[in-house]
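>>> Sequence plus the predicted model coming up.
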Amino acid sequence: MAFEIKNLCTTAAIPLNFLNQIEGTRTYGRPKLRPLEVLKIISVFRFIFPDRKLRMGGGREVNLRDLQPLMFLAGINATITGNYLTTTGKDTGEDMRMISDLGLEV
């Protein structure tokens, strides 16, 4: 998929969204990715797109759980904080603290 995006897209940033299951949707009940699988996917995108910004969107809390800070080490440049369109997100203050604790720019 990453190579297809590379062939089709020249945008400066690429959003990465991971499944956040919502009851009643077609994807509800599908197996979740393990946190390390998500980090590997981010790392592969970083390798394929070294000059693009990678933005972590939906599903990070559900899929990365306690490993959320590692998304930045795997190659993420930015993340959405607070609530999403259809689900609630992590508290913005907690996200800012996490980013600051990593020594990154808030």
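Sure, I can see it. From a predicted model like this one, the values you see are computed outputs, not experimental measurements. Residues are numbered from 1 along each chain as shown.
>>> which secondary element of the protein has the worst mean pLDDT?
Lowest by mean pLDDT, DSSP states H and E among the helices and strands of the chain is helix 2-8, with a mean of 85.
>>> Quick one: name whatever helix or strand follows that one.
Counting by DSSP states H and E, the next helix or strand C-terminal to helix 2-8 is strand 13-16.
>>> Tell me the buried residues in that next one?
In terms of neighbour count (16 or more other C-beta atoms under 10 Å), strand 13-16 has its buried residues at 14, 16. In short, each C-beta sits where N, CA and C put it, glycine included.
>>> Dump the next helix or strand after it to CSV, restricted to CA.
As assigned by DSSP H and E, the chain's next helix or strand after strand 13-16 is helix 35-48. The C-alpha coordinates for helix 35-48 follow below in CSV (Å, rounded to 0.1, in the frame of the first residue of the first chain):
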residue,chain,number,x,y,z
PRO,A,35,1.2,-2.5,19.1
LEU,A,36,4.5,-3.7,17.7
GLU,A,37,2.9,-4.4,14.3
VAL,A,38,1.6,-0.8,14.2
LEU,A,39,5.1,0.5,15.1
LYS,A,40,6.6,-1.7,12.3
ILE,A,41,4.1,-0.2,9.8
ILE,A,42,5.0,3.3,10.9
SER,A,43,8.7,2.5,10.5
VAL,A,44,8.1,1.1,7.0
PHE,A,45,6.3,4.2,6.0
ARG,A,46,9.1,6.4,7.4
PHE,A,47,11.6,4.3,5.3
ILE,A,48,9.6,4.7,2.1
